[in-house]
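**Q** predicted coordinates and the sequence they were generated for:
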Protein chains: 2
Amino acid sequence: MKEVLPVFNSAVSIDCVLFGFDGGELKILLIERNEEPFKDWWALPGNLVGENESVDQSASRILHELTGLSDIYMEQYYTFGEVDRHPQGRVITVAYYAMLRLGGDKALKPLTTYAKKAQWINVKELPKLGFDHQHIFDKGLEKIKRRIKHLPIAFELLPEKFTLTQVQNVYELILGKKLDKRNFRKKILSFKVLKELDEKQKGVSFRAATLYKFDKRKYAKLFGKEISF
Amino acid sequence: MKEVLPVFNSAVSIDCVLFGFDGGELKILLIERNEEPFKDWWALPGNLVGENESVDQSASRILHELTGLSDIYMEQYYTFGEVDRHPQGRVITVAYYAMLRLGGDKALKPLTTYAKKAQWINVKELPKLGFDHQHIFDKGLEKIKRRIKHLPIAFELLPEKFTLTQVQNVYELILGKKLDKRNFRKKILSFKVLKELDEKQKGVSFRAATLYKFDKRKYAKLFGKEISF
DNA sequence: AATATACTGTGTATTTATTACACTAAGTAA
DNA sequence: TTACTTAGTGTAATAAATACACAGTATATT
């Protein structure tokens, strides 16, 4: 503290909800804690904000430490500031989410020591989480539900080339409801952010679907416009 | 700190954007600072989060200290965590907004000592603000723009009884654009949250408009539904 | 009393978006 | 060849959004 702020001991931390789409399921990355409090519990990846990093930088650092990934767009969605949310003292936490492309082959061994392991876990089968992390997750899921209705963030979860059925799966998983196939396709194509490829899905034991890719340039133009599902 | 968190000196503060509608204009409550840094500058009302209060409680306290008002719904909208945003040390600030009903007669002398005075200032004529408060305000305005499209928060700014033209004014001020009168009325009435009163506007030098009031019960049912302007 | 003023209050036609709904086509596997 | 599984497609009906103009009424002015 350079001068005169009347502070008490407290800290600010970051917690991240990292979404991924894998095996047809919506997953998040959880860590198994290696330290007290909540040693051996599952929790959202998080850490204290360092003295010389902004909260955004801190979130990116945590993501990087955990996955090796950089340059991922993370969105801050809420700050949790209950007095007793951390058993060891006053810790206010700023929550972020990010959508990650799981190539299927990504190495996701934790690179830090604060976790025993990290694992992608189906959001439908979450274990009991330490701290108030279930609450933080719930709010994060709510947030992306609202968000996916207005921006096609589903593509951030998908591989570079994907089928329309995969896109629809992501929407259905996030929104928690079935959508009509014909209407869904009509709508998603109407945004004109998908480019149809001259290529088909491989390795499936049925008729292969056409692959599409996402056109970032056109997507950028979409910002600000109201779209909805 | 009860135990072992490796903290450095830092603090968390709250800053509030308090919106009011008065004299046909959208205003916010600003304070003129009495202390360094930014002594004699205008700034958003704010303060440090206390050791034994949650960030939500802290926001309510600040609002109460400044206006005497309690039980006002405040919405947290973003946390600003740049390293150098406060010249005297590391201060991360959590921003809230609230919509206040200015009866026209509200006493709004600041009750704290940290401000010389507090004043409702037209958002179109904001003075230069201390810290990163212009940025915090900008984000807050953006937020209520998005929000008013989906929930009729305009009513929180209006007196108990109001005319449809007043409602439209609030929408136009927040959205920053003119709306068609007939379409606006059709839409706002379609939500069925307004009760037409058997009473007319008074003290105007032209045809008096019908007064309406807001039906909270019906409003509650509206939550979750998607509405848009 | 007549007139000017300023805002209130109303309807319809057009376009666009949303919803509901079912079958054939194509590839794979047995 | 057949059975299986998913891909891919269109239309009609309904609902929502938009564009657009003038007569009605209270007050103030002369």
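**A** Arrived safely.
**Q** other SSEs contacting the helix or strand hosting A:Ile14?
**A** Assigned by DSSP states H and E, A:Ile14 belongs to strand A:11-22. For strand A:11-22, the contact count by 3 or more Cβ pairs under 8 Å, 6 or more residues apart in numbering or on different chains; DSSP states H and E identifies strand A:25-33, strand A:46-48, helix A:55-67, strand A:91-100, helix A:133-148, helix A:164-175 as packing neighbours. For glycine as for every other residue, the C-beta is placed from the backbone atoms N, C-alpha and C.
**Q** need the contact list for the residue lying closest to A:Ala43 once chain neighbours are set aside.
**A** In space, A:Ala43 comes closest to A:Gly130 once its chain neighbours are excluded; the distance is 4.3 Å by Cβ to Cβ, 6 or more residues apart in numbering or on different chains. By Cβ atoms under 8 Å, 6 or more residues apart in numbering or on different chains, the residues touching A:Gly130 are A:33, A:37-38, A:41-43.
**Q** do A:Lys192 as well
**A** Listed by Cβ under 8 Å, 6+ apart, the contact set of A:Lys192 reads A:215, A:218.
**Q** SS state for it?
**A** Following DSSP: H, G, I helix; E, B strand; the rest coil, we place A:Lys192 in the coil state.
**Q** between the contacts of A:Gly130, which is closest to DNA strand D?
**A** DNA strand D has its nearest neighbour among these in A:Trp42, at 31.5 Å by Cβ to the nearest atom of the strand.
**Q** was I right to think the closest one contacts A:Phe131?
**A** No. Using Cβ atoms under 8 Å, A:Trp42 is not in contact with A:Phe131; the gap is 10.6 Å.
**Q** those two - which one has more neighbours?
**A** Counted by other Cβ atoms under 10 Å in any protein chain shown, A:Trp42 and A:Phe131 do not tie: A:Phe131 has more neighbours, with 22 against 19.
**Q** part of a strand, is the more buried one?
**A** No. Under three-state DSSP, A:Phe131 falls outside any strand and is assigned coil.
**Q** was I right about it contacting A:Gln88?
**A** No. With contacts counted by Cβ under 8 Å, A:Phe131 stays clear of A:Gln88, the gap being 10.6 Å.
**Q** what do the two both touch?
**A** A:Pro37.
**Q** most packed of the helices and strands packed on strand A:11-22?
**A** For the helices and strands packed on strand A:11-22, the stretch with the most neighbours on average is strand A:91-100, a mean of 24; neighbours defined as mean count of other Cβ atoms under 10 Å in any protein chain shown.
**Q** buried stuff in whichever helix or strand comes after it?
**A** Toward the C-terminus, strand A:91-100 is succeeded by strand A:115-122 as the next helix or strand (DSSP H and E). Buried residues in strand A:115-122, counted by 16 or more other Cβ atoms under 10 Å in any protein chain shown: A:115, A:118, A:120-121.
**Q** before we move on, the earlier item: in the contacts of A:Gly130, find the pair that's most separated.
**A** A:Pro37 and A:Trp42 (13.3 Å; Cβ to Cβ).
**Q** get me the contact residues on chain A for DNA strand C.
**A** For chain A, the contact set with DNA strand C under Cβ under 7 Å from any atom of the strand comprises A:180-183, A:186-187, A:204-208, A:228.
**Q** rerun that using 6 Å as the cut-off
**A** Residues of chain A lying near DNA strand C by Cβ under 6 Å from any atom of the strand: A:180-183, A:187, A:205-208, A:228.
**Q** the host helix or strand of A:Gln76: partners in the sheet, and parallel or antiparallel?
**A** Element membership of A:Gln76, judged by DSSP H and E, is strand A:74-80. Note on strand A:74-80: by DSSP bridges, its sheet partners are strand A:91-100 (antiparallel).
**Q** mean confidence score for the strand it pairs with?
**A** For strand A:91-100, mean pLDDT is 97.
**Q** output it as CSV, nothing but the C-alphas.
**A** Taking C-alpha atoms only, strand A:91-100 is exported to CSV below (Å, rounded to 0.1, in the frame of the first residue of the first chain):
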residue,chain,number,x,y,z
VAL,A,91,-11.7,-13.7,0.6
ILE,A,92,-13.7,-12.1,-2.0
THR,A,93,-13.7,-14.0,-5.3
VAL,A,94,-14.3,-12.8,-8.8
ALA,A,95,-15.7,-15.5,-11.1
TYR,A,96,-14.9,-16.0,-14.8
TYR,A,97,-16.1,-18.4,-17.3
ALA,A,98,-14.5,-19.5,-20.6
MET,A,99,-15.5,-21.8,-23.4
LEU,A,100,-12.7,-24.1,-24.5
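**Q** can you give the distance of that strand from its chain's centre?
**A** 9 Å (Cα atoms, centre = their mean, to the nearest Å).
**Q** same deal with stretch A:128-143?
**A** That offset, for stretch A:128-143, works out to 12 Å (Cα atoms, centre = their mean).
**Q** same question, stretch A:185-197
**A** So, by Cα atoms, centre = their mean, the centroid of stretch A:185-197 is 23 Å from its chain's centroid.
**Q** ok, stretch A:116-136 next?
**A** Worked out by Cα atoms, centre = their mean, stretch A:116-136 lies 13 Å from the chain centre.
**Q** with only the CA atoms kept, save it in PDB.
**A** The C-alpha trace of stretch A:116-136 is given here as PDB (Å, rounded to 0.1, in the frame of the first residue of the first chain):
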ATOM      1  CA  LYS A 116      -3.700 -33.200  -7.200                       C
ATOM      2  CA  LYS A 117      -5.400 -33.500 -10.500                       C
ATOM      3  CA  ALA A 118      -7.700 -31.800 -12.900                       C
ATOM      4  CA  GLN A 119     -10.400 -33.400 -14.800                       C
ATOM      5  CA  TRP A 120     -13.200 -32.600 -17.200                       C
ATOM      6  CA  ILE A 121     -16.400 -33.500 -15.500                       C
ATOM      7  CA  ASN A 122     -19.900 -33.700 -17.000                       C
ATOM      8  CA  VAL A 123     -22.000 -30.900 -15.600                       C
ATOM      9  CA  LYS A 124     -24.800 -33.300 -15.100                       C
ATOM     10  CA  GLU A 125     -22.700 -35.400 -12.700                       C
ATOM     11  CA  LEU A 126     -20.800 -32.900 -10.600                       C
ATOM     12  CA  PRO A 127     -19.300 -34.100  -7.300                       C
ATOM     13  CA  LYS A 128     -19.800 -32.100  -4.100                       C
ATOM     14  CA  LEU A 129     -17.700 -29.000  -4.400                       C
ATOM     15  CA  GLY A 130     -15.700 -27.100  -1.800                       C
ATOM     16  CA  PHE A 131     -16.400 -23.500  -0.600                       C
ATOM     17  CA  ASP A 132     -19.400 -21.900  -2.300                       C
ATOM     18  CA  HIS A 133     -18.300 -23.300  -5.700                       C
ATOM     19  CA  GLN A 134     -21.600 -25.100  -6.500                       C
ATOM     20  CA  HIS A 135     -23.200 -21.700  -6.200                       C
ATOM     21  CA  ILE A 136     -20.600 -20.100  -8.300                       C
END
